[in-house]
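Peer 1: Model the structure of this input:
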Amino acid sequence: MNKNRNKKNNKRLYVTPLLPQEQIDYSYETLSKFKYKPPNNTGVILGIIGGALATVGDALATIGSIIQLDIDVEADFQSQLDDFKSDQEKEKMQEEIDTLKGQVKEIEDLKEQLKQLESLIKSNQN
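Peer 2: Residues are numbered from 1 along each chain as shown. A predicted model of the protein is given here:
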């Protein structure tokens, strides 16, 4: 207990002399030598510029995505239109093929009838 009491009493007190009021110079000449030094805000400024660039980058990415979407939609539409035209042409061609097949069949039927007619004529001549 005695040691704790001695620790409390062993505090050192430092006394520095104060200058009397007359010795402090507040004149214009002394104050004009004072120059304000702004704090180094480089990190904050770079952070602001980085944030602005990130925002611009995000905006550009969004615009690029919209342009790409427009291109993709246009390409898809053109592809579907081309497929539709191709299907229409295929249907026309199929109709023409079917018509030609029908005409070929009619020609073959006519050839058969012609053969029968020739054979009738030959049989009547004899």
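
Peer 1: Name the single longest helix found in the chain.
Peer 2: With DSSP state H applied, the helix covering the greatest number of residues in the chain is identified as helix 42-125.

Peer 1: On the pLDDT front, check the spatially most central residue of the chain for me.
Peer 2: By C-alpha atoms, centre = their mean, the mean C-alpha position of the chain lies nearest to S65, the distance being 2.9 Å. S65 is assigned 95 on the pLDDT scale.

Peer 1: Over to L60?
Peer 2: For L60, the pLDDT comes out at 94.

Peer 1: Against I97, how distant is it?
Peer 2: 54 Å (C-beta to C-beta, to the nearest Å). Every residue, glycine included, has its C-beta placed from N, CA and C.

Peer 1: Can you name the helix or strand that N40 falls in?
Peer 2: Counting by DSSP states H and E, there is no helix or strand that carries N40.

Peer 1: burial measure for it, as a count.
Peer 2: N40 has 8 neighbours, counted by other C-beta atoms under 10 Å.

Peer 1: Also V104?
Peer 2: Using other C-beta under 10 Å, V104 has 10 other residues around it.

Peer 1: Would you mind measuring from it to K92?
Peer 2: Distance of V104 to K92, given as C-beta to C-beta: 19 Å.

Peer 1: hmm, which helix or strand of the chain has the shakiest average pLDDT?
Peer 2: For the chain, scoring each helix and strand by mean pLDDT, DSSP states H and E identifies helix 2-9 as the least confident one, at a mean of 55.

Peer 1: low pLDDT regions in this protein?
Peer 2: Residue ranges of the chain with pLDDT under 70: 1-34, 126.

Peer 1: All good on my end, thank you.
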